[in-house]
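Novice: Build me a model from this:
(chains A and B)
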2 protein chains.
Amino acid sequence: MKLYGYWRSGTSYRVRIALALKGATIEQEPVNLLAGEHHSEAFRAKNPQGLVPALELDDGTILTQSPAIIEYLDETLPGPKLLPEDPLRRARARQLAAIIGCDIHPVQNLRILKYLQDPLGHDKETAFAWAAHWIDVGFEALEKELERTGWQGPFLLGAQPSVPDCYLLPQLYAGRRFGANVQHFPKLLQVEEALTAMPAVKDAHPDHQPDAQPC
Amino acid sequence: MKLYGYWRSGTSYRVRIALALKGATIEQEPVNLLAGEHHSEAFRAKNPQGLVPALELDDGTILTQSPAIIEYLDETLPGPKLLPEDPLRRARARQLAAIIGCDIHPVQNLRILKYLQDPLGHDKETAFAWAAHWIDVGFEALEKELERTGWQGPFLLGAQPSVPDCYLLPQLYAGRRFGANVQHFPKLLQVEEALTAMPAVKDAHPDHQPDAQPC
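Specialist: Residues are numbered from 1 along each chain as shown, chains lettered A, B, ... in the order given. All right, here's what the predicted structure looks like:
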């Protein structure tokens, strides 16, 4: 298996965390988004969306979309299960993941921030403020949802790391980058601390990737 | 079980289609988004995100986020399975669903189109053009992905309706509303035809809901 990704892509970072939690290592091939490699004909032949991550199986089959990739890795790789067995707890895991994966990240994705600038004519500060706004709105709801459901920690779903934890770290990373008020969400920061105490998860951080660039 | 939803909400419509495909009927309680009922204290006590749909179980447990709700219904209700058994085909189903559920719908959601108008100052036409743009971009990739993977129909994943089919009809509905070029995507329209030939799926259409309003 080979993972096409980009060091600072939040959705690539999610998959790297899932692999870390499974205790798995696979080949990684960087796609330089800054250089537009994701728009190349060669990459679009693999993923017509022109987005990372994309997982290439040994027979050449391509699988895209991080929610699908993460559950596929969980279902097929050895290692700790990232989804509980109980249907309601599985659903809760998917719910917490989707709050980030559907309602936060896609709205502050690179292509959206670019479009706000051109053609819509906003400056970079406005685009960043847009990103920060939606991250704050989503994190506030997530923090309240944890409170509503009697969250005890240390991970989003309780004692064991699970699928939504893969989504949290990249979103906090993006939140800091865009100026969101991440300090307002103590439960999320506690989960972050528990996750980054795990060496393999720490290694999945964007700054530790071979294609990382100084900003 | 009770489903809180809104007739024209694409994510509520998705869940109604899933129920239709499972052959299940559950109580539905409308939340009037136009009247702002989703922002009420009573509703936010159920879902801090203030979004529909929300599924209330018989013991009062609330589950939100349509991707989580749909897989929960599939795992717990009798009726045809909406996800195949094979891990790769399950992943493919989730991938096609996520192309719509992550990269199209959230970007053209009501709250986003409102924010483009206030505070960003765009007119309604620009907001609708934004929605149409992201729908066209997403549908083009989805149509190409079907082509790339040798799609035969009649449903998105082949002979049987599955999870991503629940996502397609609401997105086509929104696409027409916002002026996207849905006629450019013949495979998606073929899938729509196959789905709407099923009476229960047809009944899930927004216009057939008790809370539907003339526009």
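Novice: Please make it C-alpha for all contacts and neighbour counts, starting now.
Specialist: Noted.
Novice: so where's chain A shaky on pLDDT?
Specialist: For chain A, the stretches with pLDDT under 70 are A:215.
Novice: what about 90?
Specialist: Filtered on pLDDT under 90, chain A yields the residue ranges A:214-215.
Novice: longest helix of it?
Specialist: Longest helix in chain A by number of residues (criterion: DSSP state H): helix A:124-148.
Novice: Now do stretch A:72-83: distance from first to last residue.
Specialist: Terminal residues of stretch A:72-83 lie 11 Å apart, using CA to CA, to the nearest Å.
Novice: ok, and for it, which residues are buried?
Specialist: By 16 or more other CA atoms under 10 Å in any protein chain shown, the buried positions in stretch A:72-83 come out as A:72, A:73, A:74, A:75, A:81, A:82, A:83.
Novice: for stretch A:28-37, same thing?
Specialist: Here stretch A:28-37 shows A:28, A:29, A:30, A:31, A:32, A:33, A:37 as buried, counting by 16+ other CA under 10 Å.
Novice: buried set for stretch A:141-149?
Specialist: Going by neighbour count (16+ other CA under 10 Å), the buried part of stretch A:141-149 is A:141, A:142, A:143, A:144, A:145, A:146.
Novice: Same list, the buried residues of stretch A:72-83, but only the ones touching chain B.
Specialist: A:72, A:75 (CA under 8 Å from any CA of the partner chain).
Novice: Buried residues, stretch A:180-194. List them.
Specialist: Along stretch A:180-194, these residues count as buried under the neighbour rule (16+ other CA under 10 Å): A:180, A:181, A:182, A:187, A:188, A:189, A:191, A:192.
Novice: Give me the subset of those residues lying in strands.
Specialist: Assignment to strands by DSSP state E places none of the buried residues of stretch A:180-194 there.
Novice: Among those residues, which lie within helices?
Specialist: Among those, the ones falling in helices (DSSP H) are A:187, A:188, A:189, A:191, A:192.
Novice: And residue A:143, how far from residue A:149?
Specialist: The value you get for residue A:143 to residue A:149, if CA to CA is used, is 10 Å.
Novice: got the contact list for residue A:15?
Specialist: For residue A:15, the contact set (CA atoms under 8 Å, 6 or more residues apart in numbering or on different chains) comprises A:53, A:66, A:69, A:70, A:166.
Novice: For the third one, grab the count of nearby residues.
Specialist: Counted by other CA atoms under 10 Å in any protein chain shown, the residues lying close to residue A:69 total 24.
Novice: Surely it and residue A:56 touch.
Specialist: No: between residue A:69 and residue A:56 there is no contact under CA atoms under 8 Å: 10.3 Å.
Novice: Would you map out the domains in chain A?
Specialist: Domain ranges of chain A: A:2-80, A:87-200, per automatic domain parsing.
Novice: now these as JSON lines including distance to residue B:105?
Specialist: JSON lines is the format used below for the domains of chain A (distance: least, CA to CA, whole Å):
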{"stretch": "domain A:2-80", "distance to residue B:105": "15"}
{"stretch": "domain A:87-200", "distance to residue B:105": "9"}
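Novice: residues from chain A in reach of chain B?
Specialist: So chain A meets chain B at A:45, A:47-49, A:63-65, A:67-69, A:71-72, A:75-76, A:87-88, A:90-92, A:94-95, A:98-99, A:101-103, A:106-107, A:138, A:141-142, A:144-145, A:148 (CA under 8 Å from any CA).
Novice: are any of those buried, and which?
Specialist: Applying 16+ other CA under 10 Å to the residues of chain A next to chain B, the neighbour count classes A:47-49, A:63-65, A:67-69, A:71-72, A:75, A:87-88, A:90-92, A:94-95, A:98-99, A:101-103, A:106-107, A:138, A:141-142, A:144-145 as buried.
Novice: ok, residue A:5 - contacts?
Specialist: Per CA under 8 Å, 6+ apart, neighbours of residue A:5: A:12, A:28, A:29, A:30, A:31, A:52, A:53, A:54.
Novice: Quick one: name whatever helix or strand follows whichever strand or helix holds residue A:74.
Specialist: Using DSSP states H and E, residue A:74 sits within helix A:66-76. Downstream of helix A:66-76, the next assigned helix or strand under DSSP H and E is helix A:87-101.
Novice: ok, and what's touching that following helix?
Specialist: Helix A:87-101 is contacted by residues A:67, A:83-84, A:138, A:142, A:156-157, A:162-165, A:167-168, A:171, B:63-65, B:67-69, B:71-72, B:75-76, B:102 when judged by CA under 8 Å, 6+ apart.
Novice: Could you tell me how far the next helix or strand after that helix lies from the centre of the chain?
Specialist: Later in the chain than helix A:87-101, the nearest helix or strand by DSSP H and E is helix A:110-117. Relative to the chain's own centre, helix A:110-117 is displaced by 19 Å; criterion: CA atoms, centre = their mean, to the nearest Å.
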